[in-house]
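Asker: predicted coordinates and the sequence they were generated for:
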Amino acid sequence: MTDRIKIISDGTSMGTRVLNADGAPVPGVMRVEILPIEPNGIVVAHLTVGLVELDIDASVTESRAVEHTQNVTGPQ
């Protein structure tokens, strides 16, 4: 597996391709979202990929309580 991809686009959704390091299309890409470029020049892209096999190993490195609040507005 490689951690490098290439996103090529003509500015349209139909003209956008996502390729792996070998130049082959990445299968299952359903959506590509490019976030605004950060001042330090880092580009972040979110890829939505469907119908893929997953093999995930995870471990908790930090755990903290999250307080859930509900903000309900209605007739006053």
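Answerer: Perfect, thanks for sending it.

Asker: please count neighbours and contacts with C-alpha atoms only from this point.
Answerer: OK.

Asker: so where's the protein uncertain?
Answerer: 1-2, 63-76 (pLDDT under 70).

Asker: what sits against the residue lying closest to residue 25 once chain neighbours are set aside?
Answerer: Closest residue to residue 25 apart from its sequence neighbours, by CA to CA, 6 or more residues apart in numbering: residue 19 at 4.3 Å. Shown in contact with residue 19 (CA atoms under 8 Å, 6 or more residues apart in numbering): 5, 6, 7, 8, 25, 26.

Asker: for beta bridges, what are the partners of residue 19?
Answerer: For residue 19, the beta-bridge partners under DSSP bridges are residue 6, residue 25.

Asker: distance of it relative to residue 38?
Answerer: 23 Å (CA to CA, to the nearest Å).

Asker: mind listing what the most centrally placed residue in the chain touches?
Answerer: Closest to where the C-alpha atoms of the chain average out (CA atoms, centre = their mean) is residue 46, at 2.4 Å. By CA under 8 Å, 6+ apart, the residues touching residue 46 are 32, 33, 34, 35.

Asker: greatest separation within those: which pair is it?
Answerer: Pairwise distances across these (CA to CA) peak at 9.8 Å, for the pair 32 and 35.

Asker: higher neighbour count, those two?
Answerer: Remark: of residue 32 and residue 35, residue 32 carries more neighbours, 16 against 11, as counted by other CA atoms under 10 Å.

Asker: which residues touch the more buried one?
Answerer: Each residue near residue 32 by CA under 8 Å, 6+ apart is listed here: 45, 46, 47, 48.
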